[in-house]
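Colleague: Turn this into a structure:
(one chain, ligands or ions: 1)
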Amino acid sequence: MTVAEMVVDEQARTRFQEDGYWLGPEIFNAGQREDLAYAVDEVNAGRYETGREPMSRFWHPGDDPYALHKVDNSHWCNPVLAEAVINPRIGQLAAQLLNTPAVRLWHEQLLTKPAGGHESANVAWHQDYNYWRSSDRPQMLTAWIPLQEVNPEIGTMYFVKGSHKWGWHAEYSHFGRYDMAEQERVIRQHMPEEAEYQTAPVLLEAGRVSFHHCLTLHGSGPNLAHRQHRRAIAIHLQADACLWRKTGDRADNHQCAQEMQRLGKKYGDKFEGAYWPELFGS
Ligand SMILES: O=C(O)CCC(=O)C(=O)O
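Modeller: Purely as a prediction, here's the structure:
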């Protein structure tokens, strides 16, 4: 499929607006998925083909082998991942969903759940924007692409349908907490009275993309498969209009905010330059 063919129709846009997510087309074919799975394993193992370290990583060789392997900005480390992430097809779909002429990378993550089913691989319920509030507006989304078919057994992601309409709440997000049932109890205490807590698993064929709004609550449980690892790439994207602002709290410590500081930018400036490459611009 060419870039020009990547179209979000009216029905898809409505789903994204109403549910806070949309399941899109195949992005990576079988050959690309094989190359990407190899590249993901290389980076997880600490082998960086470019010689450059990732932005951060929360699992190292020798740690609990069943825990979530999370690496941020793996595209700095590996050219196969760079080509997959700085992806105009994904950028074009995202631009239509965000209703913006241009889309830039915010950052990106590899999320691997080894086979064998441990709670330490859980991704607790959270809103991405909780961590990204140094952007002055929630005009941001994630393109999440699993490299194998995903279902509840393998630890797929779940969305809380329509939760992007509830707004941001500090009590909604606890990325590292393993007890998701307890977390749900807390969220229910703070969600709008008239809202429903309705979860939906992401059921996707290998290589297809799922898009979610940065305020949509989401999380994932253990990978209960015996043999198959669950590998996914999460490409976090910002609309062109997003501007740097001071939050006065932990969100000011996000790497994107720190990079703005390092570059000597001012509040109100755009997150642009080599750190935030453009995926699509019309
Ligand atoms: O891969 C997962 O299970 C969670 C991914 C996630 O939190 C995200 O893409 O924002």
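
Colleague: going forward, measure contacts and count neighbours with C-alpha atoms only.
Modeller: Will do.

Colleague: Spatially central residue for the chain, please.
Modeller: A centroid search over the chain (CA atoms, centre = their mean) returns Ala234, at 3.6 Å, as the residue closest to the centre.

Colleague: thinking that one is in contact with Ala143, fair?
Modeller: Yes - Ala234 lies in contact with Ala143 (CA atoms under 8 Å); the separation is 5.8 Å.

Colleague: what residues does the stretch 51-200 of the chain put near the ligand?
Modeller: 111, 123, 128, 142, 144, 156-157 (CA under 6 Å from any ligand atom).

Colleague: make it 8 Å
Modeller: Applying CA under 8 Å from any ligand atom, one finds that the stretch 51-200 of the chain approaches the ligand through 109-112, 122-123, 126-128, 142-144, 155-158.

Colleague: Number of residues surrounding the residue in the stretch 51-200 of the chain that the ligand sits nearest to?
Modeller: Shortest the stretch 51-200 of the chain-to-the ligand distance, computed as CA to the nearest ligand atom: residue-wise this is Met157, at 4.7 Å. Met157 has 22 neighbours, counted by other CA atoms under 10 Å.

Colleague: bridging residues for it?
Modeller: Beta-bridge partners for Met157, by DSSP bridges, are Ser220.

Colleague: And it, how close does it get to Ala251?
Modeller: 24 Å (CA to CA, to the nearest Å).

Colleague: All the helices of the stretch 101-250 of the chain, in order from the start?
Modeller: Taking DSSP state H, counting those that start in this stretch as the test, the helices found in the stretch 101-250 of the chain are 180-190.

Colleague: so where's it uncertain?
Modeller: Residue ranges of the stretch 101-250 of the chain with pLDDT under 70: 175-176.

Colleague: Please list all residues in contact with Arg188.
Modeller: Under the criterion of CA atoms under 8 Å, 6 or more residues apart in numbering, the neighbours of Arg188 are Tyr197.

Colleague: What's the end-to-end length of stretch 171-189?
Modeller: Per CA to CA, stretch 171-189 runs 9 Å from first to last residue.

Colleague: Give me the buried positions along that stretch.
Modeller: For stretch 171-189, burial by neighbour count (16 or more other CA atoms under 10 Å) applies to 171-175, 177-180, 183, 187.

Colleague: now stretch 62-79
Modeller: 65-78.

Colleague: same deal with stretch 196-215?
Modeller: 201-215.
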